[in-house]
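J.: Have a look; sequence and predicted model below, questions after that.
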Amino acid sequence: FCKRLYYLSGEFDNKNVYSQLKDFLQKVDQDHTTHSNFFFYLATAPSFFGQIVEHLAEVGLMEEDNHHWRRVIIEKPFGHDVDSARLLNQQLLKVAKEKQIYRIDHYLGKETVQNILAFRFANGIFEPIWNRRYIDHVQISVAETVGVERRGSYYDQAGALRDMVPNHIMQLISLTSMEPPVSFHADAVRDEQGKILHAIQQWSSEEVLTKTVRGQYGPGMIDGQHLPGYREEEDVPRDSKTETFVAMKLQIDNWRWADVPFYLRTGKRLAAQNTHIVIQFRRAPFVLFRDTPVENLMPNQLVLHISPEEGISLQFAAKVPGPIMRLGAVDMNFEYADYFGVQPSTGYERLLHDCMIGDQTLFQRADMVEAGWCVVSPVLDVWKALPPRNFPNYAAGTWGPKEADELLERDGRHWRNFEK
């Protein structure tokens, strides 16, 4: 393996470096018989993405002929707002085809994320009830216990909204709510995802104030360990207004999901590391239980556990043994590790392999990126115009600011939290 590692140094804006890279790759190609198939992984600051691809194209490194391929992988963030995302896409598409551009999101490499499609469309008992008639609401949570982890200078420019919502969470929303594609070919799947992203209702300035919540963590405790607040982290200004927590209430304006709210939240330094999707079904009629000690009927919940444990659980009611009619909540659990063994994976392994074989199913397309930014743009505008006055507003080791709980409580609902 070490004999196949090479290093070439140079500045990104030095055109001579790209000529040297071309010559260098030709020698590597001869030595290892790689058939002139290359992908370029841009693990760089986003401001260099367009410039690097342009220079690669200038020396012919993006040209595909004689049945060989040339691809470029781009890490998020894909722009910092909708205008910059459009500009980046235009810059890339001037010198490369869409089929050569792989916008990577490691969340989509996780088995449970990919299993959303298999679970929905391969099981006849779930797809018929996956709609507004039977589903009350959907919750998507991406909770992290870590802080900014020495990325303070980057994170303070990005914030939780830009860092997580237009990419990670929009992908989870679209896979959860999309219509059945005509096939599992990349563009067939992404066409349906794109329709969902375009169908998400955009907020007015007034709606941003009532349907979104932002927070920033202060000092707190996790596992008995005292942790500093965000403003005390390295490379973070002591008066920073950057959010480390976001919660939102979204509506998808189509036939399947009309009037079904999608609640999402993501944050740093929360009580547990957990990524999950909760599908809460409508309650059954209470008529049958009216003359029994049962005071109310609990809703059924289907939970897709994405990280750190991967699996699916279904919560339903069962009679508690005894002479009196009492109901208790029980769970049926499926864990990948129990059935298929443990295969440690970050998600990148699968995605890099997909790039090698030319499968773009799990990579974002230009129109999807722009649609995701269109959803959050009104929020960015309002939050910029009205800086927060109460930061920090949640302690490290909690589930975020109280306003996030109130967002659901106003609708008679509550978050499903999974502790360690």
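T.: Received it, and whenever you're ready, just let me know what you need. None of the values given here were measured: they were computed from a predicted structure.
J.: Run through the helices of the protein in chain order.
T.: Per DSSP state H, the chain carries helices over the ranges 15-32, 49-58, 82-95, 111-121, 152-164, 170-177, 186-199, 205-211, 336-340, 348-357, 366-385, 402-409.
J.: Which of those sits closest to residue 314?
T.: Of all the helices of the chain, helix 111-121 sits nearest to residue 314, with 11.3 Å by Cβ to Cβ. Bear in mind the C-beta positions are built from the backbone N, C-alpha and C, glycine included.
J.: Measure how that closest one sits relative to helix 348-357, angle-wise.
T.: Here helix 111-121 points in a direction 70 degrees away from that of helix 348-357 (axes from the mean of the first three to the mean of the last three Cα atoms, to 10 degrees).
J.: what residues does helix 111-121 touch?
T.: 107-108, 126-127, 130, 171-172, 175-176, 180, 184, 189, 277, 304-307, 310-312, 336, 345, 350, 362 (Cβ atoms under 8 Å, 6 or more residues apart in numbering).
J.: show me the contacts for the residue nearest to residue 303 when sequence neighbours are not counted.
T.: Excluding its sequence neighbours, the residue lying closest to residue 303 (Cβ to Cβ, 6 or more residues apart in numbering) is residue 313, at 4.8 Å. Residue 313 makes contact with 302, 303, 305, 331, 332, 333, 334, according to Cβ under 8 Å, 6+ apart.
J.: Look up which residues are beta-bridged to residue 313.
T.: residue 303, residue 333 (DSSP bridges).
J.: Any figure for the gap between it and residue 121?
T.: For residue 313, the distance to residue 121 equals 20 Å [Cβ to Cβ, to the nearest Å].
J.: Ok, residue 409 next?
T.: Counting by Cβ to Cβ, the gap from residue 409 to residue 121 is 34 Å.
J.: I'd like to know which of the contacts of helix 111-121 are buried.
T.: Buried members of the contacts of helix 111-121, counted by 16 or more other Cβ atoms under 10 Å: 107-108, 130, 171-172, 175-176, 189, 277, 304-307, 310-312, 336, 350, 362.
J.: Centroid-nearest residue for the chain?
T.: residue 168 (1.4 Å; Cα atoms, centre = their mean).
J.: how about the closest residue to residue 19 other than its chain neighbours, what does it touch?
T.: Closest residue to residue 19 apart from its sequence neighbours, by Cβ to Cβ, 6+ apart: residue 59 at 5.4 Å. By Cβ under 8 Å, 6+ apart, the residues touching residue 59 are 15, 18, 19, 21, 22.
J.: repeat for residue 316
T.: Contacts of residue 316 by Cβ under 8 Å, 6+ apart are 300, 329, 330, 332.
J.: In these, which residue is surrounded by the most others?
T.: residue 300 (19 neighbours; other Cβ atoms under 10 Å).
J.: And the pLDDT for that one?
T.: Per-residue confidence (pLDDT) for residue 300: 87.
J.: close enough to count as contact, it and residue 315?
T.: Yes: at 6.2 Å, residue 300 counts as touching residue 315 under the criterion of Cβ atoms under 8 Å.
J.: how near is residue 248 to residue 113?
T.: 20 Å.
J.: what residue ranges in the stretch 151-300 of the chain score low on pLDDT?
T.: For the stretch 151-300 of the chain, residues meeting the criterion pLDDT under 70 lie at 285-296.
J.: Just the strands from it, written as ranges.
T.: Along the stretch 151-300 of the chain, the stretches classed as strands by DSSP state E, counting those that start in this stretch are 212-215, 217-218, 220-222, 225-227, 245-251, 261-267, 274-281.
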